[in-house]
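Asker: Sequence and computational prediction follow.
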Amino acid sequence: MSGERETVLELRDLEVSFKLKGGGVFKAVRGVSFSIYKGETFGLVGESGSGKTSIGRAIVRINGASSGSILYKGREISGRIPKELDREVVRKIQMIFQDPMASLNERAKVDYIVSEGLYNIGVKRTEEERRAMVAKALLEVGLLPEFASRFPHEFSGGQRQRIGIARALIMEPELVVADEPISALDVSIRAQVLNLLSAIQRAKGLTYLFIAHDLSVVRFITDRIAVINKGEIVELAETEELFRNPLHPYTRALISAIPQPDPLVERKKVVTVYDPKCHDYSTDKPAWTDVGGGHFVLANAKEADAYRERIASGR
Amino acid sequence: MANGEAILEARGLVIKFNLRGRALTAIRGASLDLYEGETLAIVGESGSGKSVLTKSLIGMLDRNGWVDSGSAMFEGRDLARIKDERDWLGVRGKKISMVFQDPMTALNPLLTIGAQIREVFELHHGLSGKKADYAVIEMLERVGIDNPEERRRQYPHEFSGGMRQRVVIAIAVACKPRILICDEPTTALDVTIQAQILGLIKALQRDLSFTTVYITHDLGVVANVADRVAVMYAGRIVETGLAEEVFYDSRHPYTWALLSSLPQLGVKGKPLYSISGTPPNLFNEIRGDAFAPRNPKALKVDFVAEPPEFAVSPTHRASTWLLDPRAPRIEPPPAILAMRAKLGGSSTGAAGGRL
């Protein structure tokens, strides 16, 4: 089914590394490859330090890729790229940040915060046109156009995250990288923002890369999920398939730990712990393997056979 | 589990703060019993007053805050009346101690973790020298830190987030408190670590037999740990009951809204139930049910008169006019009906009398 879908973004063997103080190099992301199709919500799930944010930041080019490539609609966008492409990518790939308390300039009015991107790409607009665009973006996220003249501190966390979303929308992006967009928000506000993100996606045909650690939220909003552990993607599948047949022991551990708002379930819950030593990769090396129907898992030949068997018996 | 005896009884607590000359009422008359050996979870969004309420029990209100009226009886003393900081020293950390959300800010980065745990033994137990060392090592072992002999000489930055939280817990239980208050103890941690920390607190509670109060907004955590649940909204406890009662048979519209807005209970592809608007401004006087302006199915009386507490069962109470015998029947949202069905469907009518 993936063959006929348009690929918006493709990562090939992406590696992101950071220089350490002592002169060493820390590889935060290793050999990551996946494609995101137009109109879908792709979830990237992992624990803190897994490298999920580094991938998101590499895509919007906040930090560079040390090797591998990032293709936006088939064109390489990492490293040195022509100016026109740069301008296009800046518009078409936008990011929503985790903490709306930290991601808005406290000294700027909402009007400037929302339209800063427009100033930066340097397209000539009259002041009237710009104002109209800000008003439209604010309305789209459920805020009043009058709010443009206020400062961020006058808003609640949920409203601030809406401002962050408006700032991304005004650029008319195709791909939005949402890095933990609701984890800093209050429970009652989370549902509002999730609904807003879904509604905007439907209305504009946006593609989302949704980065999060909370599998229950990711399950609700995504079409496909990639699970990342210590810089490597260990499993990728359609969302319901991943929950039906989690194969990699790390995925299984992660799913087993999801808190459920159900006392009877929680009290019986057994949390499995992932032990990296459970793999025997001494001779048989792991590879990125399709075990059927677009369900990928990092496994060696022996494990892959066992996984295929498990899927077959499960059905 | 609880053995039925109340260890702490809070009655009609009103807590106010002075902010730039204006008084904000953070707690608007909260009454709560805590039973020996139980685990109570206080649930609510930020600003609901859950942290303020528990901070008042250990004398850690910010300087501009005070208990305006009400009482909190613990071991024959009214905690609401303690004014002198020296009087608090016999309670805070000794009888009632607290685990905070962020283990990085709760620890002193300049002291080894051994020194920080040792301080408790020296101050409260009068231990010193080798005896204090042994106590520290034993405590570290108890909270699951490997190689305690070496690790006690390390600084907080040498520990991972989960390990740091274990250290904070070690400090909190070193005095063998009667009550342990855990304020969002796992919010800053990954889910797999979260499960371990919750397991650790449960094991310690079994061994040291203290009573635990969780403050959290995560209903998954609540379902895992709580014997009883208290739901707070705008400075009041709006519903309280056994965990089963609150999860499977909730009665207050705010509890309904809170549960329904969870993605776990949502239906994929459909919008999640969401609570519109924001919590009320606590600078203003609140009339009627504080949740009414955000409740699309609020009754007229909700805007006029404050609902009294109604008993649903001997252990389950809720402050909502829906439980008044005269109230019209209002169907809870679908997610709540689904939760009810899990328990084999219990009675839905307005039961119980006025308290």
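Answerer: Here it is on my side, so go on. Residues are numbered from 1 along each chain as shown, chains lettered A, B, ... in the order given.
Asker: Which parts of the chain are strands?
Answerer: Defaulting to chain A. Taking DSSP state E to define them, one finds strands in chain A at A:7-19, A:25-37, A:41-45, A:67-72, A:75-76, A:93-96, A:175-179, A:207-212, A:224-229, A:232-238, A:287-290, A:296-299.
Asker: wait, chain B
Answerer: B:6-19, B:22-35, B:39-43, B:65-74, B:77-78, B:96-99, B:179-183, B:211-216, B:228-233, B:236-242, B:310-313, B:316-318.
Asker: I'd like the ones you listed as TSV, with distance to chain A, mean neighbour count and mean pLDDT appended.
Answerer: (Glycine included, C-beta is placed from N, CA and C.) Listed next are those as TSV, based on distance: least, Cβ to the nearest Cβ, whole Å; neighbours: other Cβ atoms under 10 Å in any protein chain shown; pLDDT from 0 to 100:
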stretch	distance to chain A	mean neighbour count	mean pLDDT
strand B:6-19	15	18	95
strand B:22-35	16	19	94
strand B:39-43	9	26	97
strand B:65-74	21	18	95
strand B:77-78	33	14	95
strand B:96-99	18	25	94
strand B:179-183	15	24	96
strand B:211-216	10	24	96
strand B:228-233	9	26	97
strand B:236-242	9	24	97
strand B:310-313	16	18	96
strand B:316-318	14	24	97
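Asker: Rebuild the ones you listed as a markdown table, extending it with distance to residue A:8.
Answerer: Below are these laid out as a markdown table (distance: least, Cβ to Cβ, whole Å):
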| stretch | distance to residue A:8 |
| --- | --- |
| strand B:6-19 | 48 |
| strand B:22-35 | 48 |
| strand B:39-43 | 40 |
| strand B:65-74 | 51 |
| strand B:77-78 | 64 |
| strand B:96-99 | 45 |
| strand B:179-183 | 42 |
| strand B:211-216 | 38 |
| strand B:228-233 | 42 |
| strand B:236-242 | 46 |
| strand B:310-313 | 52 |
| strand B:316-318 | 49 |
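Asker: who in the stretch 251-355 of chain B is up against chain A?
Answerer: B:257-259, B:261-266, B:268, B:271-276, B:278, B:339, B:342 (Cβ under 8 Å from any Cβ of the partner chain).
Asker: Please pick the buried ones from those.
Answerer: Among those, those scoring as buried are B:257-259, B:261-266, B:272-275, B:278, B:339 (criterion: 16 or more other Cβ atoms under 10 Å in any protein chain shown).
Asker: Among the residues you listed, which pair sits farthest apart?
Answerer: Using Cβ to Cβ, those span at most 25.7 Å, a distance reached by B:278 and B:339.
Asker: before we move on, the earlier item: need the strands of chain A in a markdown table (columns: mean pLDDT, mean neighbour count and distance to residue B:286).
Answerer: Formatted as a markdown table, the strands of chain A follow (pLDDT from 0 to 100; neighbours: other Cβ atoms under 10 Å in any protein chain shown; distance: least, Cβ to Cβ, whole Å):
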| stretch | mean pLDDT | mean neighbour count | distance to residue B:286 |
| --- | --- | --- | --- |
| strand A:7-19 | 95 | 18 | 49 |
| strand A:25-37 | 94 | 19 | 47 |
| strand A:41-45 | 97 | 26 | 39 |
| strand A:67-72 | 95 | 18 | 52 |
| strand A:75-76 | 94 | 13 | 57 |
| strand A:93-96 | 96 | 23 | 34 |
| strand A:175-179 | 96 | 25 | 35 |
| strand A:207-212 | 96 | 25 | 35 |
| strand A:224-229 | 96 | 25 | 43 |
| strand A:232-238 | 97 | 24 | 47 |
| strand A:287-290 | 93 | 15 | 57 |
| strand A:296-299 | 96 | 23 | 54 |
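Asker: Quick one: those strands as a markdown table, columns for distance to residue B:80 too.
Answerer: As requested, those are exported to a markdown table (distance: least, Cβ to Cβ, whole Å):
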| stretch | distance to residue B:80 |
| --- | --- |
| strand A:7-19 | 52 |
| strand A:25-37 | 51 |
| strand A:41-45 | 46 |
| strand A:67-72 | 60 |
| strand A:75-76 | 67 |
| strand A:93-96 | 44 |
| strand A:175-179 | 44 |
| strand A:207-212 | 42 |
| strand A:224-229 | 49 |
| strand A:232-238 | 53 |
| strand A:287-290 | 62 |
| strand A:296-299 | 58 |
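Asker: just so I know, which of the ones you listed lies nearest residue B:93?
Answerer: Nearest of these (Cβ to Cβ): strand A:207-212, 36.7 Å.
Asker: residues in contact with that closest one?
Answerer: For strand A:207-212, contacts defined as Cβ atoms under 8 Å, 6 or more residues apart in numbering or on different chains pick out A:8-9, A:36-45, A:52-53, A:55-56, A:59, A:174-183, A:197, A:201, A:218, A:221-222.
Asker: What about the residue in chain B that chain A sits nearest to, how many residues nearby?
Answerer: Among the residues of chain B, residue B:220 lies closest to chain A, at 2.3 Å counting by Cβ to the nearest Cβ. By the criterion of other Cβ atoms under 10 Å in any protein chain shown, residue B:220 has 22 neighbours.
Asker: so it touches residue A:258, yeah?
Answerer: Yes - between residue B:220 and residue A:258 there is a contact under Cβ atoms under 8 Å: 7.2 Å.
Asker: Show me the common contact partners of those two, please.
Answerer: Common contacts of residue B:220 and residue A:258 (Cβ under 8 Å, 6+ apart): residue A:216.
Asker: among the contacts of strand A:207-212, which are in reach of chain B?
Answerer: Filtering the contacts of strand A:207-212 for neighbours of chain B using Cβ under 8 Å from any Cβ leaves residue A:221.
Asker: domains of chain B?
Answerer: B:6-229, B:251-342 (automatic domain parsing).
Asker: Residue A:32 reaches residue A:233, doesn't it?
Answerer: Yes - applying Cβ under 8 Å, one finds residue A:32 in contact with residue A:233, separated by 5.4 Å.
Asker: re the thing from before, wait, what's in contact with the residue of chain B closest to chain A?
Answerer: Residue B:220 neighbours (Cβ under 8 Å, 6+ apart): A:216, A:258, A:259, A:260, A:261, A:266, B:264.
Asker: how about 7 Å then?
Answerer: By Cβ atoms under 7 Å, 6 or more residues apart in numbering or on different chains, residue B:220 lies in contact with A:259, A:260, A:261.
Asker: can you check residue B:298 too?
Answerer: For residue B:298, the contacting residues are residue B:292, by Cβ under 7 Å, 6+ apart.
Asker: what residues does the stretch 1-150 of chain A put near chain B?
Answerer: Neighbours of chain B within the stretch 1-150 of chain A, by Cβ under 7 Å from any Cβ of the partner chain: A:47, A:48.
Asker: Relative to chain B, which residue of the stretch 1-150 of chain A is the closest?
Answerer: Of all residues in the stretch 1-150 of chain A, residue A:47 sits closest to chain B, at 4.0 Å by Cβ to the nearest Cβ.
Asker: At which residues are the helices of chain B located?
Answerer: B:50-56, B:85-89, B:103-106, B:113-125, B:129-142, B:148-151, B:161-173, B:191-208, B:219-225, B:243-248, B:253-260, B:300-304, B:334-342 (DSSP state H).
Asker: what comes into contact with the fifth one?
Answerer: The set of residues that contact helix B:129-142 without belonging to it, under Cβ under 7 Å, 6+ apart, is B:114, B:117, B:118, B:121, B:122, B:127, B:148, B:149, B:151, B:152, B:170, B:174.
Asker: my guess is the fifth one contacts residue B:128, does it?
Answerer: Yes - under the criterion of Cβ atoms under 7 Å, residue B:122 is in contact with residue B:128, at a separation of 6.2 Å.
Asker: Between these two, which has more neighbouring residues?
Answerer: residue B:122 (16 against 11).
Asker: Do you know the pLDDT at the more buried one?
Answerer: Here the pLDDT value assigned to residue B:122 is 92.
Asker: can you check residue A:126 too?
Answerer: Here, the pLDDT recorded for residue A:126 equals 88.
Asker: can you tell me which residues contact residue 153?
Answerer: As the question left the chain open, I've gone with chain A. Applying Cβ under 7 Å, 6+ apart to residue A:153 gives the contacts residue A:106.
Asker: Correction: the question concerned chain B.
Answerer: Residue B:153 sits next to B:112, B:114 when contact means Cβ under 7 Å, 6+ apart.
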